[in-house]
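Trainee: need a structure here:
(one chain, ligands or ions: 2)
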Amino acid sequence: MSSCNRGLMQAYKLARVEQENATSFSLWLDGELPNASPGQYVMVWLPGVGERPFSLHSASPLALTISCVGPSSKAICALPPGGTLWLRGPFGKGYVLEGKNHLLVGGGYGAAPLTYLAEEALNRGDEVRVCLGAASAKDLMFVEKLREIGADVFVATDDGSQGTQGLVTAVVLEQILHHKPDSLYACGPTGMLMALWDLCEQHNIVAQLSFEGIIRCGIGLCGSCELNESLCAKLGLPAGWLVCHDGPVAKLMPSQAKAKTITR
Ligand SMILES: Cc1cc2nc3c(=O)[nH]c(=O)nc-3n(C[C@H](O)[C@H](O)[C@H](O)COP(=O)(O)OP(=O)(O)OC[C@H]3O[C@@H](n4cnc5c(N)ncnc54)[C@H](O)[C@@H]3O)c2cc1C
Ligand code: FES
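Mentor: Numbering: from 1, shown residues only. Ligands and ions are numbered 1, 2, ... in the order given. Model prediction:
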């Protein structure tokens, strides 16, 4: 059994594969990352295919959940059990649990790192509510697993095939109004993250949002993952914020909380 080294590629055997929805698969590897935390990612390399970042779905044992969207992700998901994947990491800043009442919001593959975070929070005896959004019921992941481990789960689908019809932000707003969380944690498309940040600003909630970028070096050297300047300005992050190294998770304080800190 392997345990990854941050800088060097290390080989892992694929132990088993589980299909999570129409196009996503969890790859359980023969190894663990005992010092990793939810929200961190590893760089996965397949010879002849390339290298891509993937968030941890579990650290011990090591698991990644991959949505097949393009050539690299499809090739990785096609690897048969017993095949070899090369990993370096874990990299980046993950989520830090704050308070006792957590609201987690996932879109797309975002449900995978958030399931890992939910497990950690529930192990501490905290309250966990999870809102998951998807285009359709067939695109949802981890709804039953999250319920089994003790989280309250609320679903929104664009076509209404499961849960509330519409955007996940409507379900999130309902949760905020009924059980104002100590912190909101999210992973998903940038549009969803920005809409959640608006809600957090309006309701004075600290947010931890996981952003995407084109990650190549993973260690803050090449600059390819720099978050777009206008997003940085909207979020109050410094220009040149690097997804690979400063993130992928950004902790954002709402303006009301900032104002209180300054006037105290
Ligand atoms: C921090 C982080 C964590 C991620 N975690 C997951 C995860 O847990 N599960 C999951 O399915 N996907 C995850 N992704 C996305 C994943 O890395 C790939 O972008 C995705 O699998 C598409 O790659 P592809 O080659 O199959 O598709 P392609 O068709 O080649 O690319 C599709 C899109 O992927 C993006 N992309 C291409 N190259 C890179 C790169 N080097 N780094 C990042 N994005 C790239 C581009 O936006 C591109 O338009 C994560 C991305 C980041 C940045
Ligand atoms: S990927 Fe090279 S600086 Fe972020």
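Trainee: for Ser3, give me the pLDDT.
Mentor: On the pLDDT scale, Ser3 is placed at 53.
Trainee: from now on call the first residue 346
Mentor: Noted, 346 is the first residue going forward, which turns the last one into Ser348.
Trainee: quick one: contacts for the residue in the stretch 346-495 of the chain that ligand 2 sits nearest to?
Mentor: Residue nearest to ligand 2 within the stretch 346-495 of the chain: Pro398 (8.5 Å; Cβ to the nearest ligand atom). C-beta: built from backbone N, CA, C; applies to glycine. Counting by Cβ atoms under 8 Å, 6 or more residues apart in numbering, Pro398 touches Tyr386, Val387, Met388, Val389, Phe436, Ile560, Gly563, Cys589.
Trainee: out of those, who's near ligand 2?
Mentor: Ile560, Gly563, Cys589 (Cβ under 6 Å from any ligand atom).
Trainee: re earlier: of the contacts of Pro398, just the buried ones, PyMOL syntax please.
Mentor: This is how PyMOL selects the buried members of those, with burial counted by 16 or more other Cβ atoms under 10 Å:
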select buried, resi 386+387+388+389+436+560+563+589
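Trainee: now the contacts of Pro398 as a markdown table including pLDDT and secondary structure?
Mentor: Shown next, in a markdown table, are the contacts of Pro398 (pLDDT from 0 to 100; DSSP: H, G, I helix; E, B strand; the rest coil):
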| residue | pLDDT | secondary structure |
| --- | --- | --- |
| Tyr386 | 98 | strand |
| Val387 | 97 | strand |
| Met388 | 97 | strand |
| Val389 | 97 | strand |
| Phe436 | 97 | strand |
| Ile560 | 97 | coil |
| Gly563 | 94 | coil |
| Cys589 | 97 | coil |
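Trainee: out of the contacts of Pro398, the closest to Ala404 would be?
Mentor: Val387 (9.8 Å; Cβ to Cβ).
Trainee: tally of neighbours for the closest residue in space to that closest one that isn't next to it in sequence?
Mentor: Spatial nearest neighbour of Val387, excluding adjacent residues (Cβ to Cβ, 6 or more residues apart in numbering): Gly434 at 3.4 Å. Residues within reach of Gly434, counting by other Cβ atoms under 10 Å, total 23.
Trainee: Gly434 belongs to a strand?
Mentor: Yes: assessed with DSSP: H, G, I helix; E, B strand; the rest coil, Gly434 lies in a strand.
Trainee: that one touches Trp390, doesn't it?
Mentor: No: Gly434 is beyond contact range of Trp390, at 10.9 Å (criterion: Cβ atoms under 8 Å).
Trainee: so what sits against both of these two?
Mentor: What both Gly434 and Trp390 touch, as defined by Cβ under 8 Å, 6+ apart, is an empty set.
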